[in-house]
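**Q** I need the structure of the sequence given here:
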Amino acid sequence: MVSKDEFLAYIPHYVAMVAIALLVMTALREVIGEQHVLVEFVLILVLIFGYRPVVTRLDFVPTPKLWDELE
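**A** Residues are numbered from 1 along each chain as shown. Prediction:
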């Protein structure tokens, strides 16, 4: 079971992931135009699954303890 403090440590990361995904998708639509839904879905998956490794390697924001244990 995850404690309340551990859960709260994830909130800024989830907000950042959603914000990055929305910004990238908006920029993509402005530059390239409408894309097929599958292309957008794949891009979202890459952004979401790539967020944790990038943030962990850059180490400029505190990461939750669970992320440190996974490496």
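
**Q** Please make it C-alpha for all contacts and neighbour counts, starting now.
**A** Fine.

**Q** Give me the below-cutoff pLDDT ranges for this protein.
**A** For the chain, the stretches flagged by pLDDT under 70 are 1-2, 60, 65-71.

**Q** for it, which helix is longest?
**A** Counting residues, the longest helix found in the chain (DSSP state H) is helix 4-31.

**Q** name the helices or strands packed onto it?
**A** Using 3 or more C-alpha pairs under 8 Å, 6 or more residues apart in numbering; DSSP states H and E as the contact test, the elements touching helix 4-31 are helix 37-58.

**Q** now what about the helix it packs on, what contacts it?
**A** Helix 37-58 is contacted from outside by 17, 20-21, 25, 61, 63, 67, using C-alpha atoms under 8 Å, 6 or more residues apart in numbering.

**Q** Report the buried residues of it.
**A** For helix 37-58, burial by neighbour count (16 or more other C-alpha atoms under 10 Å) applies to 44, 47, 51, 56.

**Q** One more: stretch 16-31?
**A** 17, 20-21, 25.
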